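1. just to be clear, the model below is a prediction. Sequence and coordinates:
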Amino acid sequence: MNESATSTTVQTKDRPRGQLAIRLVAMPADLNAGGHVFGGWILSQMDLAGGICASERAQGRVATIAITAMEFHHPVHAGDVLSCWGEVTKVGNTSLTVHVQAWSRRHDGPRLVDLKVTEGDFVFVALTDAGVKRSVPADQERNQECSPHPTDHP
Ligand SMILES: CC(C)(COP(=O)(O)OP(=O)(O)OC[C@H]1O[C@@H](n2cnc3c(N)ncnc32)[C@H](O)[C@@H]1OP(=O)(O)O)[C@@H](O)C(=O)NCCC(=O)NCCS
C-alpha cells in the first residue's frame, strides 16, 4: 500500500512560528471534567517551551514574570501530540518576550491533522545563578528563535 495515501499530514494554511521546543502526548490524566485537555496543563507546557527559548537567548537562567496574551483556539484531545513552538519576539534590558504556539497533531481516520490550538506571549526575566535579575546579553550571532531542533516543521 502506498505510504503517503495512509499518512497524509493535513495542515492549515497557517504554519508554526519559531522553533520546536517541546513535543509530547496528551494523556487521559491531563483531561478536565469536560473531557478535553485541561488548559492549565497546556499553559504549563507552553511556559516550559518559552523558558527553553528564553534561556537559550539569555544564555542562562530565566524566570517567567508575565503572560501578556493567551488564546485557546481549539480543544486538545487525549492522545494528541502537542508541539510547542517558540520565537523570541522582543528583547528588553532584563526581559525577553517569547511568542509560543501549541499545535496539536491527531488522526482523522488514516490522515494526520495539524491544528494550532493555543498561542500566547510569555515574558521572562534573565537571572543570575543567585536569582537576581541581570541584563540580557547582546547577541548578534544568533537569530531570535530557539536553536533548531532535529525534528523541524512537521
Ligand atoms: C523575576 C524577578 C526577579 C524580577 O524582579 P523585579 O524587580 O520584579 O523586575 P522589574 O519590575 O524590574 O521587571 C523586570 C523586567 O520585566 C518586565 N516586566 C515586569 N513586569 C512585567 C509585566 N507585567 N509584563 C511585561 N513585562 C514586565 C520589566 O519591564 C523589566 O523589563 P526590562 O528590564 O527589559 O525593561 C521577580 O519579579 C520575581 O522573582 N518574580 C517571580 C518569578 C517567578 O517565581 N516566576 C514563576 C516561576 S519561573
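-> Perfect, I can see it now.

2. from the protein, which residue is nearest to the ligand?
-> residue 92 (2.3 Å; Cβ to the nearest ligand atom). Placement of C-beta: from N, CA and C, glycine included.

3. pull up the gap between the nearest residue to that residue once chain neighbours are set aside and residue 130, please.
-> Distance criterion Cβ to Cβ, 6 or more residues apart in numbering; nearest residue to residue 92, sequence neighbours excluded, is residue 136 at 7.2 Å. Applying Cβ to Cβ, to the nearest Å, one obtains 17 Å for the distance of residue 136 from residue 130.

4. which one's more surrounded, the two?
-> With neighbours defined as other Cβ atoms under 10 Å, residue 136 and residue 130 compare such that residue 136 has more, 22 against 7.

5. returning to that earlier point: tally of neighbours for the residue of the chain closest to the ligand?
-> 12.

6. what do you get for residue 59?
-> 12.

7. and the residue of the chain closest to the ligand, how far from residue 112?
-> The value you get for residue 92 to residue 112, if Cβ to Cβ is used, is 39 Å.

8. just the strands in this structure please.
-> 9-11, 19-25, 62-72, 81-91, 95-108, 111-126 (DSSP state E).

9. now render these as CSV, adding mean pLDDT.
-> CSV is the format used below for the strands of the chain (pLDDT from 0 to 100):
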stretch, mean pLDDT
strand 9-11, 56
strand 19-25, 97
strand 62-72, 98
strand 81-91, 98
strand 95-108, 97
strand 111-126, 97
